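my questions concern the predicted model and sequence given below.
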Amino acid sequence: MALRQLNQAGETFLIVEHNVEFITTLCHQVIVLEQGRKLAEGTAAEIHKDSRVLEAYLGMTPEMAEAEMRGAT
């Protein structure tokens with residue numbers, strides 16, 4: 001994929017995308033917007049744990065997200 005090659009070459013670029021898996025495997029820093037305003041900024045790991053992001057985009061608390069990732073219902 002061309003974006004991965006550019007990334008590996010040290011190029012910086014802006015991606016507007018809702019595919020979280022794609023973004024978190026490609027980007028070193030992630031900025032999350034909600035209604036045009038910055039909601040959170042950090043690494044993919046930090047964003048995955050951010051309660052504001054989880055609530056805004058998934059409608060769940062960090063505990064609910066962790067339970068879902070573990071397969072709990």
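The structure has been received and is ready for your questions. Numbering: from 1, shown residues only.

wait, Lys49 touches Pro62, no?
Yes - using C-beta atoms under 8 Å, Lys49 is in contact with Pro62, at 5.9 Å. For glycine as for every other residue, the C-beta is placed from the backbone atoms N, C-alpha and C.

buried ones in the longest helix anywhere in the chain?
The helix that spans the most residues within the chain, counting by DSSP state H, is helix 62-70. In terms of neighbour count (16 or more other C-beta atoms under 10 Å), helix 62-70 has its buried residues at Ala65.

and what of stretch 41-61?
Residues of stretch 41-61 classed as buried under the neighbour-count rule (16+ other C-beta under 10 Å) are 44, 47-48, 50, 53-55.

show residues contacting the helix or strand where Lys38 lies.
Assigned by DSSP states H and E, Lys38 belongs to strand 37-42. With contact meaning C-beta atoms under 8 Å, 6 or more residues apart in numbering, strand 37-42 is reached by 29-33, 46-47, 50, 52-53, 56.

elements contacting the helix or strand just after that strand?
Note on strand 37-42: by DSSP H and E, the next helix or strand toward the C-terminus is helix 44-49. Applying 3 or more C-beta pairs under 8 Å, 6 or more residues apart in numbering; DSSP states H and E, one finds that helix 44-49 contacts helix 20-26, strand 30-34.

mind checking what helix or strand follows helix 44-49 in sequence?
Using DSSP H and E, the helix or strand that follows helix 44-49 towards the C-terminus is helix 51-53.

packing partners for that next one?
Partner elements for helix 51-53 (3+ C-beta pairs under 8 Å, 6+ apart): strand 37-42.
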